[in-house]
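Sharing a model prediction with you, sequence too.
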Amino acid sequence: MKIKSKLKIIVFIFVVFLQAASFADEIDDFIADSRSEDRNVKADYAELLGNYKDERTFKRLIELVQDEDNYVRWKAANSLAKLEDKRAIPALKEVIIKTKGDEDLRDYIGKALYKLGDESLIPFWIECLEEQNRWLTELFVRVMVDYDYRDKKASEILIRNLENKDEKVKICAAYALAYTKEAKAYDGLLKLLVDSSSQVRQMAILALGHIGNKEATPYLLLALSDENNLVRIAVYHSLYRLADPRAVYGLIEAVNTEEDNYLRQYAIVTLGKTKNKIAILTLLSILDEKPQKRNSDKAALKADAVKALGEIGDKEAKKRLEEFFKEMTSADAPHFYSFGGGGGGRGDISPYIPYLDKSFPLTSNISNNSLVFQRFSENHILSDPLYKNNMGVIIKKSLQKIEATKKEIPPVEFSKVQYEKMIKTAKSNLENFKPIETY
């Protein structure tokens, strides 16, 4: 038996040896084929070599990434990233440095370097920012988010990049400055509000919200006249962040003039965030709006108006909310169910970088069934998550917020005349900005 066991081991070792020899021969053949004068053949083998973690394949791929043909270089760079060998980093950096002006190639090489790199490469990515290359700027943003990196030197370059004519460069710069909440970017971002690209305007608006300077309020309100819906939604995101009571007049106008109910919801929620008593009458009037075709047509609008009243917390709304609760829970109350997508994220650059703003607190799913309050106790209904989207529950919770407000909400000392003067000044300043044509 011992002889048989030893024989099996010998046979196994021999088979392994043959396979290793065959594997070595196969790699040598691929390397030889990668020297073909046909660019397509050479590129195919550069891609194939990425499947073999071997010193010979690594050395050959380093040679191929410096080939004269960009297609071959791209395939070789991808294979080096696949091998996950950090020794390739210097070669990839060298290619990026030596190929200025070739944006597509640098995009491919940069992505390979990003996959191999780590936090130690941040100084190199900052150097790349100086070149204002669209793809390298995006890669810097990815690295910045990955490592939560915030640096004064990078911010200075990014502020200069806001003046670039390339749409991608400006969007990435605005995103990065918003991420770091760079206060010095304020003036540069304001100038982008008149940019020819709606995507640039959108990102600049979001960035102003993240920086948190309330002096941006009148400029954001003026942007509510933008024809692009996504730009206007970005305005609501930023005004919600700023929570400036002075915005109340412009938001009331938006609630009354926005034709799309979805955009009206954004205006209503943002109006509540101002915590300005002037908004109460407008919000209460929404509760009296009649549905167009179905009972659910304006349900989400009314739910957000109720929540906004709770957010303001003034007892002036209490009596009407109590009446509205009775209307929604009486035996003849309208029965409805409505659902939607809520307020989506805004400020996307690419699938690899998270939204600058993750979401917006719009009411999406809303229902009303008066039998709920007739069958169960109020305490049970209010504490059970199953009923959180019930109109009666939403009203009750807003009433609880108002009751919990111990101090009376003081009036905001900012008149309509002051508001109009503020808007006039902002409009005059914007007219002095020269729109930058973006490509």
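Cool, got the structure. All values derive from a computational prediction rather than experimental measurement.

so where do the helices sit in the stretch 151-300 of the chain?
For the stretch 151-300 of the chain, the helices defined by DSSP state H, counting those that start in this stretch occupy 152-161, 167-179, 186-191, 198-211, 217-222, 229-242, 248-257, 261-273, 280-286, 299-312.

So which of those is nearest Thr438?
Of all the helices of the stretch 151-300 of the chain, it is helix 167-179 that lies closest to Thr438, at 4.6 Å by CB to CB. (C-beta placed from N, C-alpha, C; glycine too.)

which other residues reach that closest one?
Applying CB atoms under 8 Å, 6 or more residues apart in numbering, the contact partners of helix 167-179 are 132-135, 137-138, 140-141, 144-145, 150, 154-155, 158-159, 161-162, 164, 185, 189, 192, 195, 197, 199-200, 203-204, 206-207, 209-211, 347, 349, 353, 356, 438-439.

domain ranges for this protein?
Annotated domains of the chain cover 27-117, 275-405 [automatic domain parsing].

and these as TSV, adding mean neighbour count, mean pLDDT and distance to Lys421?
As requested, the domains of the chain are arranged in TSV below (neighbours: other CB atoms under 10 Å; pLDDT from 0 to 100; distance: least, CB to CB, whole Å):
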stretch	mean neighbour count	mean pLDDT	distance to Lys421
domain 27-117	18	93	47
domain 275-405	17	90	17
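
how about a markdown table for these, with distance to Gly250 added?
Formatted as a markdown table, those follow (distance: least, CB to CB, whole Å):
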| stretch | distance to Gly250 |
| --- | --- |
| domain 27-117 | 41 |
| domain 275-405 | 11 |
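
nearest to Thr425, of the ones you listed?
domain 275-405 (20.5 Å).

What is the end-to-end distance of the closest one?
Distance across domain 275-405, first residue to last, is 12 Å (CA to CA, to the nearest Å).

With stretch 29-46 instead?
12 Å.

Can you tell me what sits against it?
Residues outside stretch 29-46 that contact it (CB under 8 Å, 6+ apart): 48-49, 52, 56-57, 60-61, 64, 67, 69, 71-72, 74-76, 79.

Farthest-apart pair in these, please.
So, the contacts of stretch 29-46 by CB to CB: farthest apart are Arg56 and Tyr71, at 22.4 Å.

picking that back up, out of the helices of the stretch 151-300 of the chain, which is closest to Gln400?
helix 299-312 (7.9 Å).

For Val145, which non-adjacent residue is closest in space?
Nearest-residue entry for Val145: Ile353, 6.1 Å, with adjacent residues in sequence omitted and distances by CB to CB, 6 or more residues apart in numbering.

Just want the most central residue of this protein.
Tyr355 (1.4 Å; CA atoms, centre = their mean).

For the stretch 151-300 of the chain, give me the ranges with low pLDDT.
295 (pLDDT under 70).

OK, contacts around the residue nearest to Glu403 when sequence neighbours are not counted?
Excluding the flanking residues, the one nearest Glu403 by CB to CB, 6+ apart is Lys318, at 7.9 Å. With contacts defined as CB under 8 Å, 6+ apart, the neighbours of Lys318 are 399, 402-403.

Return the subset of these lying in helices.
399, 402-403 (DSSP state H).

Mind putting these into CSV with distance to Arg264?
Shown next, in CSV, are the ones in helices among the contacts of Lys318 (distance: CB to CB, whole Å):
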residue, distance to Arg264
Leu399, 23
Ile402, 23
Glu403, 28
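
for these, which one is nearest Glu215?
Using CB to CB, the ones in helices among the contacts of Lys318 come closest to Glu215 at Ile402, 31.3 Å.

what sits against the residue nearest to Gly250 when sequence neighbours are not counted?
Once flanking residues are discounted, Gly250 sits nearest to Leu221: 3.7 Å by CB to CB, 6+ apart. With contact set as CB under 8 Å, 6+ apart, Leu221 has these partners: 235, 239, 247, 250-251, 423, 426.

can you put those residues in a markdown table and add neighbour count and distance to Ile27?
Output for these, formatted as a markdown table (neighbours: other CB atoms under 10 Å; distance: CB to CB, whole Å):
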| residue | neighbour count | distance to Ile27 |
| --- | --- | --- |
| Val235 | 32 | 59 |
| Leu239 | 30 | 61 |
| Ala247 | 28 | 66 |
| Gly250 | 25 | 68 |
| Leu251 | 28 | 67 |
| Ile423 | 18 | 71 |
| Ala426 | 20 | 67 |
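
any chance of the residues you listed in CSV, plus distance to Val306?
Shown next, in CSV, are those (distance: CB to CB, whole Å):
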residue, distance to Val306
Val235, 23
Leu239, 20
Ala247, 20
Gly250, 22
Leu251, 17
Ile423, 29
Ala426, 32
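
wait, doesn't Thr57 sit right on Lys82?
No - at 10.4 Å, Thr57 does not count as touching Lys82 under the criterion of CB atoms under 8 Å.
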